[in-house]
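Novice: Pasting the sequence and the predicted model now:
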Amino acid sequence: HVVAYHLLGRYWAATFAPEVPRYLCIDIDASESLPSIYRIVRDWVSHPIVFQSSDSKGLHVYAFRDFDFPVRVNKLIRITSTELKIRGVKTAPGICEVFPAPNKFLRLPLGKGSFLLDPNTLTPMDLSLGQSIKFIKENLRRHSFEELFPGLYRKIGRPNAKF
């Protein structure tokens, strides 16, 4: 019932980080730098699922990981923050954050003020709740470790590599 009430816009529901997450969410807060940060993230993450996160007009950019690269949440945050830094994006509250994160909640998508955006144009997709869920099912693509972290993937093959 909690999720249903969230989807109906009665109140927000959120999740805390699992030990081994199946997704990565890049939270880009509404600011004048949002378009440039999103362009960098979009050039990096192929096939994201993008939501307006709330009435504040920030973005949640989701990338789902393959099942064959389990990674603990702290390591996922560290390597994602490093990947973003390499690409010129600073991760900090109020700018760009990486989720799931320990001791921080992430609001579920499609609640009040949240809806799907076209990942290429960031325009609202104007879909019903049922159509949005169907779109997510049909367009959810799992990313490999090599695809999300190509530099780190090449490094792992070397002797004594640490990440």
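Specialist: Everything's here; your move.

Novice: Just the element for residue 62, please.
Specialist: According to DSSP states H and E, residue 62 maps onto strand 59-65.

Novice: where do the helices sit along this structure?
Specialist: Along the chain, the segments classed as helices by DSSP state H run 2-7, 34-44, 73-86, 129-139, 145-148, 150-156.

Novice: got CSV for those, with mean neighbour count and mean pLDDT too?
Specialist: For the C-beta atoms, the positions are set from N, CA and C on the backbone; glycine is no exception. Conversion of those to CSV gives the following (neighbours: other C-beta atoms under 10 Å; pLDDT from 0 to 100):
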stretch, mean neighbour count, mean pLDDT
helix 2-7, 14, 87
helix 34-44, 16, 96
helix 73-86, 17, 93
helix 129-139, 12, 94
helix 145-148, 18, 87
helix 150-156, 13, 64
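
Novice: So for residue 120, which of those sits nearest?
Specialist: When the helices of the chain are compared by C-beta to C-beta, helix 34-44 sits nearest residue 120, at 8.0 Å.

Novice: same for the closest one, what does it pack against?
Specialist: strand 23-28, strand 59-65, helix 73-86 (3 or more C-beta pairs under 8 Å, 6 or more residues apart in numbering; DSSP states H and E).

Novice: any chance of these in TSV, plus distance to residue 3?
Specialist: TSV is the format used below for the helices and strands packed on helix 34-44 (distance: least, C-beta to C-beta, whole Å):
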stretch	distance to residue 3
strand 23-28	16
strand 59-65	16
helix 73-86	22
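
Novice: Nearest approach to residue 140 belongs to which of those?
Specialist: strand 59-65 (5.8 Å).

Novice: chain center to the closest one, what's the gap?
Specialist: 2 Å (C-alpha atoms, centre = their mean, to the nearest Å).

Novice: got the contact list for that strand?
Specialist: 21-28, 34, 38, 41-42, 45, 47-53, 71, 106, 109, 114, 117, 122, 140-145, 148 (C-beta atoms under 8 Å, 6 or more residues apart in numbering).
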